[in-house]
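Peer 1: fold the following for me, if possible:
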Amino acid sequence: MRAWIAAFFARRREFRERVAREATDLMNWMGEMAYAGARQRAREARGRQDDADARLWAKVAVEIARRTGQDIGIKGADRYPDPGPRPKEPTRNRREIAERLVDISRGIAALSAGRGDVATLHNIDVAARQVLDFTGRTYAIEKAVLDVIGACQRVQAYPTIDDLLNGRYPPVVDEAALALQKLRRLALP
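Peer 2: A predicted model of the protein is given here:
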């Protein structure tokens, strides 16, 4: 009985020494990728249904993880702190409002460059009123929509192209841009 116990402990010691040697060799040979290499060899051994070899390489992987301070059983994403709640995806209304605001700004640009006509002013009016529909009718937003429409009408009536060609920024375009910014702040808080 004593011989059997002595042999058992001798085999365990030899196995631990082999694990330590293999871990050292693999770390010297593969560097940072040693843990992954040991895991890969354990998977290959399990695929061959070689239980002894699979056990050896699994223990080597654990030894490498212990030496390098690597966490075992933790997914890659779990290794990093939680960044907190994700920003909300924009709702359909927010996207629609943003698209209408972009349409209005393009219309202002066309009017200030002298490329606008009655249809451009009509499209600005429609886009501004759609912003009003998407946001809900409050006095502040209604007033901001009317301010944008009125400012765009003044841009159309003012000969801005002459000022732009002479290097001056027309004040009516600035007024329209400020009215649009106010609408954006109210519509997309």
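
Peer 1: make it CA atoms for all contacts and neighbour counts henceforth
Peer 2: Will do.

Peer 1: quick one, domains of this protein?
Peer 2: The record's domain parsing of the chain by automatic domain parsing lists 2-79, 93-187.

Peer 1: just name the most buried of the ones you listed.
Peer 2: domain 93-187 (a mean of 18; mean count of other C-alpha atoms under 10 Å).

Peer 1: that domain - what's its average pLDDT?
Peer 2: For domain 93-187, mean pLDDT rounds to 84.

Peer 1: what of stretch 51-69?
Peer 2: Mean predicted lDDT for stretch 51-69 stands at 90.

Peer 1: report the distance from it to the chain centre.
Peer 2: Remark: stretch 51-69 is offset 36 Å from the chain centroid, using C-alpha atoms, centre = their mean, to the nearest Å.

Peer 1: and the next helix or strand past the top helix by length along the chain?
Peer 2: Secondary structure of the chain per DSSP state H: the longest helix is helix 2-30. Going down the chain from helix 2-30, the next helix or strand is helix 34-47, by DSSP states H and E.

Peer 1: that next one: what's the following helix or strand?
Peer 2: helix 51-68.

Peer 1: and the contacts of that following helix?
Peer 2: Here helix 51-68 makes contact (C-alpha atoms under 8 Å, 6 or more residues apart in numbering) with 15, 19-20, 22-23, 27, 34-36, 38-39, 41-46, 71-72.

Peer 1: please repeat the previous calculation with a cut-off of 10 Å.
Peer 2: With C-alpha atoms under 10 Å, 6 or more residues apart in numbering as the test, helix 51-68 has contacts from 15-16, 18-24, 26-27, 32, 34-48, 69-72.

Peer 1: follow-up on the earlier one: redo the domains of the chain as TSV? Include distance to Arg86.
Peer 2: Formatted as TSV, the domains of the chain follow (distance: least, C-alpha to C-alpha, whole Å):
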stretch	distance to Arg86
domain 2-79	15
domain 93-187	17
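
Peer 1: Gln70 and Asp125: what is the separation?
Peer 2: 62 Å (C-alpha to C-alpha, to the nearest Å).

Peer 1: with Ala23 instead?
Peer 2: Ala23 is 73 Å from Asp125, by C-alpha to C-alpha.

Peer 1: same question for Thr68.
Peer 2: For Thr68, the distance to Asp125 - C-alpha to C-alpha - is 66 Å.

Peer 1: ditto for Ile149
Peer 2: Applying C-alpha to C-alpha to Ile149 and Asp125 gives a distance of 6 Å.

Peer 1: list residues touching both of those two?
Peer 2: Ile104.

Peer 1: how far is stretch 105-121 from where the chain is centred?
Peer 2: Relative to its chain's centre, stretch 105-121 lies at 35 Å (C-alpha atoms, centre = their mean).

Peer 1: scratch that, stretch 152-163
Peer 2: Averaging C-alpha positions (C-alpha atoms, centre = their mean) puts stretch 152-163 41 Å from its chain's average.

Peer 1: many thanks, I have nothing further to ask.
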